[in-house]
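Enquirer: Quick one, what's the 3D model for this:
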Amino acid sequence: MKNITTKILMLLLLGCFTISHTTKAQDFGEVFRAGPEDAEQYLESYIDPIMMSFNNGLSGGWVNTAKTHKLLGFDLTVSANIANIPDGDKQWQFRNADFSNLQLRTGSEATLPTAVGGPTDQELVVKGNANIGSINFTNESDPFPAAEGYDTEDLPIAGFPVPTFHLGIGLVKNTDLKIRFVPSIETDELSFNMWGVGVLHDVKQWIPGLKLVPMDISAFVGHTSLKAEFDIDESSTDSNGYTYAADGTAEFKASSTVIQVLASKKLAIFTPYVGLGYNIAGSSFKVNGEFVYSDGINTETVQDPIDLSFGGGSSPRVTLGAQIKLLILTLHADYSIQKYNTFTVGAGFSIR
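Expert: This next block holds a predicted model:
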């Protein structure tokens with residue numbers, strides 16, 4: 001598949017920096033020689049950490065103070081949220097017994113890199129007498145390299161940045177409406193769009209006695225949704241005459257819903273804040289279209305071969321951060337402890 005790994009990462013990195021097609025990430029498409037079921041299982045392990053990093057990154061950057069705007073006050077803020085990928089998630093264990101057709105060229109078990117696990121010298125084959133639908137591939141395929149990953153030592157951070165833009169507007173009853181957006185991107189190869197909406201509400205006004213507490217206390221809920229697509233069009237034939245061809249569209253979706261209680265205290269130009277809540281995050285990766293396999297005599301067509309869900313990103317979250325305000329300019333940074341710990345940094349303009 002034409003640099004599927006690079007395209008996935010490009011979708012996640014749009015707006016921050018671009019990774020070139022000459023980097024270490026291998027063309028993942030060779031794995032599809034083993035058939036859609038084995039390829040789906042391999043792909044799930046391979047891209048799981050970047051999906052998790054992105055899921056958790058979507059939850060950051062919503063707020064940098066618990067104080068709401070006055071009526072029609074507003075702020076415009078840009079943030080970058082970076083969810084760290086733990087070292088333990090940069091590798092995964094490949095076992096021949098877990099796959100029907102895909103096997104290591106030598107041995108029965110090996111540690112392989114995920115999409116952020118760096119290089120590997122392991123090679124894979126599609127075993128002899130492999131079955132894909134009604135086709136039996138008699139001979140073992142030509143060996144091909146296991147998919148390598150990007151080495152995070154070559155990247156400026158140990159995760160993938162999620163850029164976000166926010167517009168916050170003060171409404172009645174000490175309530176802020178927050179709108180999150182990234183401008184839609186359309187190219188010949190891919191499309192990308194993201195949106196979100198949130199509400200920050202001052203809860204001190206409703207609880208007797210809480211008004212005496214010398215800090216701002218608010219509740220927040222925000223939802224972010226992302227969708228990206230890129231085209232797939234490729235074919236390949238090995239020395240046995242076995243062929244496969246792919247024609248379709250890959251679709252990536254992600255969403256995050258944050259529920260949080262925040263407290264902050266303004267100290268001149270410096271406002272520290274703390275948040276406690278829960279992040280509900282998940283994503284999916286689908287390939288829609290046709291995969292056609294042939295042994296030179298028989299042909300097997302597989303429709304919509306890949307349908308993966310990544311729902312393990314939900315977790316409690318604790319946020320510690322601070323804002324500095326100079327006239328209407330704001331600078332902020334915070335750190336959230338959650339499934340993948342997330343660092344956020346940003347700047348904006350605020351008129352309260």
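Enquirer: drop to CA atoms for contacts and neighbour counts, all remaining ones
Expert: OK.
Enquirer: For the longest strand anywhere in the chain, name the packing helices and strands.
Expert: Longest strand in the chain by number of residues, with DSSP state E as the criterion: strand 270-294. Where contact means 3 or more C-alpha pairs under 8 Å, 6 or more residues apart in numbering; DSSP states H and E, strand 270-294 is packed against helix 36-57, strand 243-264, strand 299-303, strand 306-310, strand 315-326.
Enquirer: Same question for the first one: list its buried residues.
Expert: Just to be clear, that refers to helix 36-57. Residues 36-40, 42-57 are the ones in helix 36-57 that count as buried (16 or more other C-alpha atoms under 10 Å).
Enquirer: One more: the fourth one?
Expert: Under the neighbour-count criterion of 16+ other C-alpha under 10 Å, strand 306-310 has 306, 309-310 buried.
Enquirer: Now find how far off-centre that strand is within its chain.
Expert: Relative to the chain's own centre, strand 306-310 is displaced by 13 Å; criterion: C-alpha atoms, centre = their mean, to the nearest Å.
Enquirer: Name the strands paired with it and say parallel or antiparallel.
Expert: Strand 306-310 pairs in its sheet with strand 270-294 (antiparallel), by DSSP bridges.
Enquirer: Now do the buried residues in the partner strand.
Expert: 270-294.
Enquirer: Ok, stretch 108-123 next?
Expert: For stretch 108-123, using 16+ other C-alpha under 10 Å, the buried residues are 112-119, 122.
Enquirer: closest to E186 among the residues you listed?
Expert: Of all the buried residues of stretch 108-123, A115 has the smallest distance to E186: 24.5 Å, by C-alpha to C-alpha.
Enquirer: and that closest one, what is it in contact with?
Expert: Applying C-alpha atoms under 8 Å, 6 or more residues apart in numbering, we find A115 in contact with 5, 25, 46-47, 49-50, 90, 148-150.
Enquirer: Mind telling me what element it is part of?
Expert: A115 belongs to no helix or strand when assigned by DSSP states H and E.
Enquirer: Nearest residue to it in space, ignoring adjacent ones along the chain?
Expert: The shortest distance from A115 to any non-neighbouring residue, by C-alpha to C-alpha, 6 or more residues apart in numbering, is to G149 (4.1 Å).
Enquirer: any idea how far the one you found is from D307?
Expert: 22 Å (C-alpha to C-alpha, to the nearest Å).
Enquirer: How about Y242?
Expert: 25 Å.
Enquirer: for S225, same thing?
Expert: Separation of S225 from D307 (C-alpha to C-alpha) stands at 18 Å.
Enquirer: what do you get for L104?
Expert: For L104 relative to D307 (C-alpha to C-alpha), the value is 24 Å.
Enquirer: same thing with P214?
Expert: In terms of C-alpha to C-alpha, P214 sits 51 Å off from D307.
Enquirer: Centre-most residue in the protein?
Expert: F54 (2.7 Å; C-alpha atoms, centre = their mean).
Enquirer: Just list whatever residues bridge to the residue nearest to E44 when sequence neighbours are not counted.
Expert: In space, and not counting its chain neighbours, E44 is closest to L308: 6.9 Å by C-alpha to C-alpha, 6+ apart. In this entry, L308 is beta-bridged to F285, by DSSP bridges.
Enquirer: rewinding a little: and which of the contacts of A115 is nearest to L326?
Expert: Comparing the contacts of A115 against L326 with C-alpha to C-alpha places I50 closest, at 36.0 Å.
Enquirer: Quick check: that closest one vs P36, distance?
Expert: For I50, the distance to P36 - C-alpha to C-alpha - is 21 Å.
Enquirer: same question, E148
Expert: Taken as C-alpha to C-alpha, the span from E148 to P36 is 20 Å.
Enquirer: what do you get for P183?
Expert: For P183, the distance to P36 - C-alpha to C-alpha - is 34 Å.
Enquirer: Show me which residues of stretch 240-247 are buried.
Expert: 242-247.
Enquirer: Show me the two of those residues that sit farthest apart.
Expert: Using C-alpha to C-alpha, the pair of the buried residues of stretch 240-247 lying farthest apart is Y242 and D247, separated by 17.3 Å.
Enquirer: Can you name the residues that contact the residue nearest to D233 when sequence neighbours are not counted?
Expert: Leaving aside its chain neighbours, D233 sits nearest to D247 (4.6 Å; criterion: C-alpha to C-alpha, 6+ apart). Each residue near D247 by C-alpha under 8 Å, 6+ apart is listed here: 231-234, 289-291.
Enquirer: any chance of the residues you listed in TSV, with pLDDT and distance to G198 too?
Expert: Shown next, in TSV, are the contacts of D247 (pLDDT from 0 to 100; distance: C-alpha to C-alpha, whole Å):
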residue	pLDDT	distance to G198
D231	83	32
I232	80	35
D233	80	39
E234	78	41
G289	90	35
E290	90	39
F291	89	41
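Enquirer: Tabulate these (TSV), appending distance to L200.
Expert: Below are these laid out as TSV (distance: C-alpha to C-alpha, whole Å):
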residue	distance to L200
D231	39
I232	41
D233	45
E234	48
G289	42
E290	46
F291	47
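Enquirer: For D176, what is the enclosing helix or strand?
Expert: With DSSP H and E as the criterion, D176 is inside strand 175-186.
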